[in-house]
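In: okay, predicted coordinates and the sequence, questions at the end:
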Amino acid sequence: MPFSTLGWPEKTKDLDLYLPSTVLVTGYDIIFFWVARMIMMTTHFTGQVPFRHVYIHGLVRDAQGRKMSKSEGNVLDPVDLIDGIALPPLLEKRTTGLRKPETAPTVRKNTEKEFPEGIPAFGADALRFTFASLATLGRSINFDAKRCEGYRNFCNKLWNATRFVLMNCEGKDLSEQDATLTPADRWIVSLLQKAEADVARGFADYRLDNVANALYQFVWDEYCDWYLEIAKVQVQTGDAAQQRGTRRTLIRVLEAILRLAHPVIPFITEALWQKVAPVAGKSGDSISVAPYPEANPANVSPEAEAWGRETEDRGRRLPQPARRDERLAGRAFARLRAGRRRLHARSRAGAAGAGQAQRSQGVRRRSRLGCRGAIGAGGGGGRHAPVPVHGNRRRRREGAPGKEAARLQGELAKANAKLANEAFVSKAKPAVIEQERKRITDFTAALEKLQAQLARGVTLSARGRAASRGCPSSANRARAAG
């Protein structure tokens, strides 16, 4: 803060309190235009340096790497990123006050290309998180509004995780007495200590990008993706002591996450903390005056972290979800259904007439013996249509779903064998057993769908092959018709 605003040359309380200040945040392009002059002037007139640290960040440029300038029409107003803006007012804002008014059509065209529907509302927290993650050691930051989408999704993820935790913890016994912590509970508590240490180190080193990455990885990758899913099983299948320990861990870790993330995303964390803190046994008027989390080395558990790594590795080695198999089966069935529609369409396209009726009757008679290249049409209309049959292509298309069915059967056999093994069931954790049961359910449902769709495909293929064997050529049919 300039010393002239603090009552200088008088010895005031503000001058004593705020000079020197702690840190000056600035871009590298104005160091000698402003920062150096502040240091020299303050030192000359007061005998003190104006600040202890200078945090020099990169310049925020547009998506193409050009320096943002209102006169060039490529500025992004932070308020527009927070609240959103439709395309017409955005065009008007960007084409007003240009240094070269003749470039307005180009500015309008570029804006319409980059933001065809305007700018959606990302919210202040998502924007702050985005810029924290971009605060690397580089000299320039090419800003793309799409980066805000990922951090808006993070805020939504945190909101939904809080809803789940409150739904399972409000009104429940969360006392520490007689609570049992599972390896998963100790694992997430241990990772929380490391995340708190990483965040503290990032702030101390002015590495806001490391702070943002540490928060993102712990909250999304560990707490939401893994621990919440494990906690669902423990809350449903654990005994009373395990359920109490899991619920207590859920709410206490979430409350610490909100305080840890508050400097980066202050608004959503304040709103959620007001709901979470009373359940977690915390009091206070605001999260902004609550104690900031500090790592406790006593809560770090190498054994629990080893268990967590092993669990994650096993999870990643599992086959892809059964919905992938359903998509494969769905595509195979869609091809068969499309082929059936084409066959019906070509069958209806045959011309009616006495001679054609005779030929269609002949085709129908031959189709019982096998006719290649034609399908007989029933009914009194006497219609028929020659259809080429590509046997090799059909076999290749039907082969993939068949292999998928064999794979599903193999996975079902493995899962059933595990659950049939008494030694495995007695030693495995409840979460692992529940996971195997869910795999059996998913694979069984996918296999039944695949088999039903393959059965329909085989029926259609058999009908086509029966109608395509021994069919006379077009010339022979013409002579027969004559």
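Out: All right, it came through fine.
In: output the below-cut-off pLDDT ranges for the stretch 251-400 of the chain.
Out: 318-400 (pLDDT under 70).
In: all strands for the stretch 51-200 of the chain, in order.
Out: All strands of the stretch 51-200 of the chain, identified by DSSP state E, counting those that start in this stretch, fall at 51-57, 59-61, 140-142.
In: can you give me the buried ones in the second one?
Out: The one in question is strand 59-61. By 16 or more other CB atoms under 10 Å, strand 59-61 has no buried positions at all. Any C-beta I mention is one placed from the backbone N, CA and C, and that applies to glycine too.
In: and it, what other elements does it pack with?
Out: Counting contacts by 3 or more CB pairs under 8 Å, 6 or more residues apart in numbering; DSSP states H and E, strand 59-61 packs against strand 140-142.
In: for residue 440, which non-adjacent residue is closest in space?
Out: residue 415 (4.9 Å; CB to CB, 6 or more residues apart in numbering).
In: just confirm the one you found contacts residue 434, I think it does.
Out: No - using CB atoms under 8 Å, residue 415 makes no contact with residue 434, being 12.0 Å away.
In: just the mean pLDDT for stretch 220-235, thanks.
Out: Across stretch 220-235, pLDDT averages out at 93.
In: buried set for it?
Out: 220, 222-224, 226-228, 230-231, 233-235.
In: tell me who's in contact with residue 149.
Out: Contacts of residue 149 were listed using CB atoms under 8 Å, 6 or more residues apart in numbering, and they are residue 122.
In: format the strands of the stretch 51-200 of the chain as a markdown table; extra columns: mean pLDDT.
Out: Shown next, in a markdown table, are the strands of the stretch 51-200 of the chain (pLDDT from 0 to 100):
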| stretch | mean pLDDT |
| --- | --- |
| strand 51-57 | 88 |
| strand 59-61 | 87 |
| strand 140-142 | 83 |
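In: in a markdown table: those strands, plus distance to residue 150.
Out: Listed next are the strands of the stretch 51-200 of the chain as a markdown table, based on distance: least, CB to CB, whole Å:
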| stretch | distance to residue 150 |
| --- | --- |
| strand 51-57 | 21 |
| strand 59-61 | 18 |
| strand 140-142 | 16 |
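In: out of the ones you listed, nearest to residue 297?
Out: Closest approach to residue 297 among those (CB to CB): strand 51-57, 27.9 Å.
In: CA atoms only: put that closest one into PDB for me.
Out: Only the C-alpha atoms of strand 51-57 are listed here, as PDB (Å, rounded to 0.1, in the frame of the first residue of the first chain):
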ATOM      1  CA  PHE A  51       6.900  -5.100   1.000                       C
ATOM      2  CA  ARG A  52       8.800  -8.300   1.800                       C
ATOM      3  CA  HIS A  53       7.900 -10.500  -1.200                       C
ATOM      4  CA  VAL A  54       6.900  -9.800  -4.800                       C
ATOM      5  CA  TYR A  55       4.800 -12.500  -6.400                       C
ATOM      6  CA  ILE A  56       5.200 -12.200 -10.200                       C
ATOM      7  CA  HIS A  57       2.600 -14.000 -12.300                       C
END
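In: pretty sure the residue nearest to residue 440 belongs to a strand, no?
Out: No - counting by DSSP: H, G, I helix; E, B strand; the rest coil, residue 415 is not found in a strand; it is helix.
In: what does the model give it for pLDDT?
Out: pLDDT at residue 415 comes out at 81.
In: where's it relative to residue 408, distance?
Out: Per CB to CB, to the nearest Å, residue 415 is found 11 Å from residue 408.
In: who's more crowded, the two?
Out: Taking residue 415 and residue 408 together and counting by other CB atoms under 10 Å, residue 408 has the greater number of neighbours (23 against 20).
In: and this protein, what are its domains?
Out: Here the domain parsing of the chain from automatic domain parsing is 3-57, 151-317, 324-481.
In: neighbours around residue 236, how many?
Out: For residue 236, the count of nearby residues is 11 (other CB under 10 Å).
In: and stretch 137-154, end to end?
Out: In stretch 137-154, first residue to last residue: 24 Å (CA to CA, to the nearest Å).
In: just how off-centre is that stretch within its chain?
Out: 16 Å (CA atoms, centre = their mean, to the nearest Å).
In: buried sites along it?
Out: 141-143, 145, 147-148, 151-152, 154.
In: check stretch 409-427 too.
Out: 411-412, 415, 418.
In: out of those, flag the one nearest to residue 81.
Out: Nearest to residue 81, judged by CB to CB, of those is residue 411 at 46.3 Å.
In: SS state for that closest one?
Out: helix.
In: any residues in contact with both of residue 415 and residue 408?
Out: residue 443.
In: what packs against the longest helix along the chain?
Out: Counting by DSSP state H, the longest helix found in the chain is helix 430-466. Judged by 3+ CB pairs under 8 Å, 6+ apart, the packing partners of helix 430-466 are helix 228-237, helix 322-348, helix 391-420.
In: show me what the shortest one is packed up against.
Out: Based on contacts counted as 3+ CB pairs under 8 Å, 6+ apart, the elements that helix 228-237 packs against are helix 146-169, helix 183-204, helix 240-261, helix 430-466.
In: by contact count, what packs against the third one?
Out: Using 3+ CB pairs under 8 Å, 6+ apart as the contact definition, the elements that helix 240-261 packs against are helix 146-169, helix 183-204, helix 228-237, helix 266-280.
In: how about the CA coordinates for it, as PDB?
Out: The C-alpha coordinates for helix 240-261 follow below in PDB (Å, rounded to 0.1, in the frame of the first residue of the first chain):
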ATOM      1  CA  ALA A 240     -23.000 -50.900  14.400                       C
ATOM      2  CA  ALA A 241     -19.400 -49.900  15.400                       C
ATOM      3  CA  GLN A 242     -18.200 -49.900  11.800                       C
ATOM      4  CA  GLN A 243     -21.100 -47.800  10.700                       C
ATOM      5  CA  ARG A 244     -20.500 -45.300  13.400                       C
ATOM      6  CA  GLY A 245     -16.800 -45.100  12.500                       C
ATOM      7  CA  THR A 246     -17.500 -44.700   8.800                       C
ATOM      8  CA  ARG A 247     -20.100 -42.000   9.300                       C
ATOM      9  CA  ARG A 248     -17.800 -40.200  11.700                       C
ATOM     10  CA  THR A 249     -15.000 -40.300   9.100                       C
ATOM     11  CA  LEU A 250     -17.300 -39.200   6.300                       C
ATOM     12  CA  ILE A 251     -18.400 -36.000   8.000                       C
ATOM     13  CA  ARG A 252     -15.200 -35.100   9.700                       C
ATOM     14  CA  VAL A 253     -13.100 -35.500   6.500                       C
ATOM     15  CA  LEU A 254     -15.700 -33.500   4.500                       C
ATOM     16  CA  GLU A 255     -15.600 -30.700   7.100                       C
ATOM     17  CA  ALA A 256     -11.800 -30.500   6.900                       C
ATOM     18  CA  ILE A 257     -12.000 -30.500   3.100                       C
ATOM     19  CA  LEU A 258     -14.300 -27.500   3.100                       C
ATOM     20  CA  ARG A 259     -12.000 -25.500   5.400                       C
ATOM     21  CA  LEU A 260      -9.000 -26.600   3.300                       C
ATOM     22  CA  ALA A 261     -10.500 -25.500   0.000                       C
END
